[in-house]
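>>> Sequence first, predicted model second:
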Amino acid sequence: MLTVIVDYESGNLHSAEKAFQRMAIETDAGQVLVSSRPEYVARADRIVLPGDGAFPACWKELHDHRGIFEAMDEAVNQNGKPFFGICVGMQMLADISHEYTDTAGFGWISGEVEHISPTDKTLKVPHMGWNDLVIDRPHPVLDGIKTGDHAYFVHSYHFRAAKPENLLAHCDYGGDITAIVGKDNIIGAQFHPEKSQSAGLKMIANFLNWAP
Amino acid sequence: MLKTRIIPCLDVADGRVVKGVNFVDLVDAGDPVQSARAYDAAGADELCFLDIKATVENRGTMFDLATRTAEQCFMPLTIGGGVRTPDDVRDLLLAGADKVSFNSAAVADPDVVARSADRFGSQCIVVAIDAKTVSPGKWEIFTHGGRKATGIDAIEFARLMVKKGAGEILLTSMDRDGTKQGFNLPLTRAISDAVPVPVIASGGVGTLDHLVEGVTKGHASAVLAASIFHFGEFTIGEAKQHMANAGIPMRLS
């Protein structure tokens, strides 16, 4: 089994790499590779798309790595490979993002990426730190993760899913903030599982052993 | 609900943890990676390494520390000290840092913050502001470990840093650092209320009530402390419970 973490020069892959490698060893889930090469993405049994920074910049970097989006698209949408988007990698699943300018997303999970605007104006944006999850729908990747478990968030925009059935978990920050979305073989987390200690590592282990 | 963060800070020189009282009289307080693991296990919300020597010759030591820490601790790690260019940010992120903190370089050239934030995102750019009271209700930026006055107003500078793309402000009161008399609360509140991004209060923690005040009176989003944790006066768990008892939302599990 080969899990490829897609490297398109967006932020820090080191902690994601170490966390996935550690859980792959612990659960005997095969090899974890960080790569920017479409041929590795095409061969992957599982794909992880991280992403830090602004949506338009991430989108541009991803499309500057020729062939990598097409390889992901084919693996996920034709061959049904499990896909895990993290932070901006999760937001890119949406139809469109309104960060700075309107940028089209993959459109794999219907929704829009909008600025966080807490009803309580004393709340700071970015939403940065540990927040407790509210699990909305059971999912194999959330096995063992329960409402009240904490995850580490750093973001100013969030995914507003168009269909309630795609919303798997949220948290509260002056209103609901989408934490996890999912559809078929695709899952995405707004928070950083690789920095979320035990709950995050559990989610990573579940993904590495998920057979949708 | 978002929880208030407790961040133990490890001052590092030559690969070892130290903590200076007013930045002199350094005392060796142990191995950074071992300390990081202990804090991870104890439930610290983030970790911060500050390279207080930060010479070109010992940069490699910091990269190695970041890498070894990131391999063992799955929690956010901020590294600061001697960060001057966007390439320094890149090197530290690649080594294993999650956030990188600018200090003197941001005072000398505020645009370095903008260039770094554009390239790597605001979420990983922290600006550490060292401020001293110059008259009641007025604070100025000091650099070089608090030795060099700049004449720059701390509130204006904090606003400028956020405009340039800082995602977080690490605010140290140089009047209080190492004194154990508590945070400079008027300063902390003035900066916290002036900027839309989270402010980490630092400098002067001696009791658990000081941590509480930093949030309730200083309006900080996170509190940073070193010696009260390093020397075992209080555990992270005790600090969190104390803050929770005071009505502050904390991550206790």
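Happy to help now that I have it. Numbering: from 1, shown residues only, chains lettered A, B, ... in the order given.
>>> and the longest strand seen in chain A, anywhere near chain B?
When chain A is parsed with DSSP state E, its longest strand is strand A:176-183. No. Applying Cβ under 8 Å from any Cβ of the partner chain, one finds strand A:176-183 separated from chain B by no less than 9.4 Å. Just so you know, the C-beta spots here come from the backbone N, C-alpha and C atoms, and that holds for glycine as well.
>>> helices or strands up against that strand?
In terms of contacts (3 or more Cβ pairs under 8 Å, 6 or more residues apart in numbering or on different chains; DSSP states H and E), strand A:176-183 is packed against strand A:127-132, strand A:150-155, strand A:157-161, strand A:167-172, strand A:186-189.
>>> quick one: it to chain centroid distance?
Relative to its parent chain, strand A:176-183 has a centroid offset of 10 Å by Cα atoms, centre = their mean, to the nearest Å.
>>> buried stuff in that strand?
Neighbour counts over strand A:176-183 (16 or more other Cβ atoms under 10 Å in any protein chain shown) mark A:177-183 as buried.
>>> Quick check: mean pLDDT of it?
Across strand A:176-183, the average pLDDT comes to 98.
>>> just to revisit the earlier point, can you say which of the helices and strands packed on strand A:176-183 is packed in most?
Counting by mean count of other Cβ atoms under 10 Å in any protein chain shown, strand A:186-189 has the highest mean neighbour count of the helices and strands packed on strand A:176-183, with a mean of 27.
>>> Strands along chain B, start to end?
With DSSP E, the ranges of strands along chain B come out as B:5-13, B:16-21, B:24-28, B:47-51, B:77-80, B:99-102, B:125-135, B:138-143, B:148-153, B:168-173, B:199-202, B:222-225.
>>> Show me which residues of the fourth one are buried.
Judged by neighbour count (16+ other Cβ under 10 Å), strand B:47-51 contains these buried residues: B:47-51.
>>> List, one by one, the residues from the stretch 51-200 of chain B near chain A.
Taking Cβ under 8 Å from any Cβ as the contact definition, the stretch 51-200 of chain B meets chain A at B:67, B:70-71, B:74-77, B:93-98, B:118, B:120-124, B:167-168, B:196-198.
>>> re the thing from before, format the helices and strands packed on strand A:176-183 as CSV; extra columns: mean pLDDT and distance to chain B.
Shown next, in CSV, are those (pLDDT from 0 to 100; distance: least, Cβ to the nearest Cβ, whole Å):
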stretch, mean pLDDT, distance to chain B
strand A:127-132, 96, 5
strand A:150-155, 95, 4
strand A:157-161, 96, 11
strand A:167-172, 98, 6
strand A:186-189, 98, 14
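>>> I'd like those as CSV, with distance to A:M90 appended.
Below are these laid out as CSV (distance: least, Cβ to Cβ, whole Å):
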stretch, distance to A:M90
strand A:127-132, 14
strand A:150-155, 10
strand A:157-161, 6
strand A:167-172, 11
strand A:186-189, 3
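>>> how about A:P126, phi and psi?
Backbone dihedrals for A:P126, given as degrees, to the nearest 10, come out at phi -70, psi 150.
>>> what's the helix or strand for A:L62?
Assigned by DSSP states H and E, A:L62 falls within helix A:55-64.
>>> how far does that helix sit from the chain's center?
Relative to its parent chain, helix A:55-64 has a centroid offset of 15 Å by Cα atoms, centre = their mean.
>>> pLDDT on it, on average?
Helix A:55-64 shows a mean pLDDT of 88.
>>> check contacts around residue 167.
No chain was given, so I picked chain A. By Cβ atoms under 8 Å, 6 or more residues apart in numbering or on different chains, the residues touching A:L167 are A:136-137, A:161, A:178, A:180-181.
>>> Chain B, not that one
Counting by Cβ under 8 Å, 6+ apart, B:G167 has contacts A:126, A:128, A:154, B:99, B:117, B:121-126, B:197.
>>> do B:S116 as well
Applying Cβ under 8 Å, 6+ apart to B:S116 gives the contacts B:86, B:89, B:100, B:102, B:125, B:165.
>>> Next, give me the two most distant ones among the contacts of A:L167.
Greatest spacing in the contacts of A:L167, by Cβ to Cβ: A:R137 and A:T178 (12.4 Å).
>>> measure the closest residue to A:D172 other than its chain neighbours to A:P118 for me?
Counting by Cβ to Cβ, 6 or more residues apart in numbering or on different chains, A:D172 lies nearest to B:M1, which is 5.6 Å off, once chain neighbours are set aside. Separation of B:M1 from A:P118 (Cβ to Cβ, to the nearest Å): 11 Å.
>>> These two: which has the busier surroundings?
Higher neighbour count among B:M1 and A:P118: A:P118, with 16 against 11, using other Cβ atoms under 10 Å in any protein chain shown.
>>> That one contacts A:V125, doesn't it?
Yes. Judged on Cβ atoms under 8 Å, A:P118 makes contact with A:V125 at a distance of 7.2 Å.
>>> got the contact list for whatever residue of the stretch 51-200 of chain B ends up closest to chain A?
As assessed by Cβ to the nearest Cβ, chain A sits closest to B:G121 within the stretch 51-200 of chain B, at 2.9 Å. B:G121 sits next to A:11, A:52-54, A:57, B:167 when contact means Cβ under 8 Å, 6+ apart.
>>> Disregarding flanking residues, what is the spatial nearest neighbour of B:H219?
Leaving aside its sequence neighbours, B:H219 sits nearest to B:S192 (Cβ to Cβ, 6+ apart; 3.8 Å).
>>> burial of that neighbour, as a residue count?
Taking other Cβ under 10 Å as the neighbour definition, B:S192 ends up with a count of 24.
>>> Which secondary structure element of chain A has the lowest mean pLDDT?
In chain A, no helix or strand scores lower on mean pLDDT, DSSP states H and E than helix A:55-64, which sits at a mean of 88.
>>> quick revisit: let me have the buried residues of strand B:47-51 in a markdown table, adding pLDDT as columns.
What follows is the buried residues of strand B:47-51, written out as a markdown table (pLDDT from 0 to 100):
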| residue | pLDDT |
| --- | --- |
| B:L47 | 95 |
| B:C48 | 95 |
| B:F49 | 92 |
| B:L50 | 90 |
| B:D51 | 88 |
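>>> just the residues you listed now: which is nearest B:M250?
Proximity of the buried residues of strand B:47-51 to B:M250 (Cβ to Cβ) peaks at B:L47, which lies at 17.0 Å.
>>> What's the local residue count around A:H139?
18.
>>> Would you list the phi and psi of it?
Main-chain dihedrals, A:H139, degrees, to the nearest 10: phi -160, psi 140.
>>> again with the one 10 residues further on
Backbone geometry at A:D149, expressed as degrees, to the nearest 10, gives phi -70, psi 150.
>>> Brilliant, that's me finished.
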